[in-house]
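Q: sequence plus the predicted model coming up.
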Amino acid sequence: MSERKRQANVTGGRQVRREVTLTPVQDGQLVVAAERAGRTVPAFLVEAGLKAGGYQTETERRENIFALFQLREQLARIGNNVNQMAKLLNAEGEVDTDLRATLAAVREKISAVDEVVTLFAAEAEEA
């Protein structure tokens, strides 16, 4: 079984405390749900509540950052391919059919990066 993840430490600590009263069944269900998510019960409650309220959770933020890094790597590989095709175009004067597909892939990836950046920008405005 993987180790449960706690919430990240916050400078000055968490100053607000909420108390929740549960039935034994609800508590059991909450413990199981938190374990399935690989989180402690308090971390799970915070993330579930924020997500239900339409806010980005810390887990989602980490996933989005990881996605941005993956997209950056993909764009770098695509850029390398475009450079190679441009070199061929300059040498032979012909437009390779792969060039059109590569440019379409570049546009798609740029759009995906824009979507993730927009998510971060929207959250920064809410904070």
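A: Perfect, I can see it now. Residues are numbered from 1 along each chain as shown.
Q: could you use CA atoms for every contact and neighbour count after this?
A: Will do.
Q: look up how far Val116 lies from Glu108.
A: Distance check for Glu108 against Val116: by C-alpha to C-alpha, to the nearest Å, it reads 13 Å.
Q: check Gln74 too.
A: Taken as C-alpha to C-alpha, the span from Gln74 to Val116 is 15 Å.
Q: and what of Arg61?
A: 10 Å.
Q: over to Leu103?
A: 20 Å.
Q: swap in Gly12?
A: Gly12 is 30 Å from Val116, by C-alpha to C-alpha.
Q: ok, those two, which is more surrounded?
A: Neighbour count, other C-alpha atoms under 10 Å: between Gly12 and Val116, Val116 has more, with 16 against 6.
Q: so where's the longest helix in this protein?
A: The longest helix of the chain (DSSP state H) is helix 58-92.
Q: helices or strands up against that helix?
A: Identification of packing neighbours for helix 58-92 by 3 or more C-alpha pairs under 8 Å, 6 or more residues apart in numbering; DSSP states H and E yields helix 97-126.
Q: next, the angle from the helix it packs on to helix 58-92.
A: 150 degrees (axes from the mean of the first three to the mean of the last three C-alpha atoms, to 10 degrees).
Q: so which bits of helix 97-126 are buried?
A: Neighbour counts using 16 or more other C-alpha atoms under 10 Å place Leu99, Thr102, Val106, Lys109, Val113, Val116, Phe120 of helix 97-126 among the buried residues.
Q: ok now it, how far from the chain's centre?
A: Taking C-alpha atoms, centre = their mean, to the nearest Å, one finds helix 97-126 lying 14 Å from the centre of the chain it belongs to.
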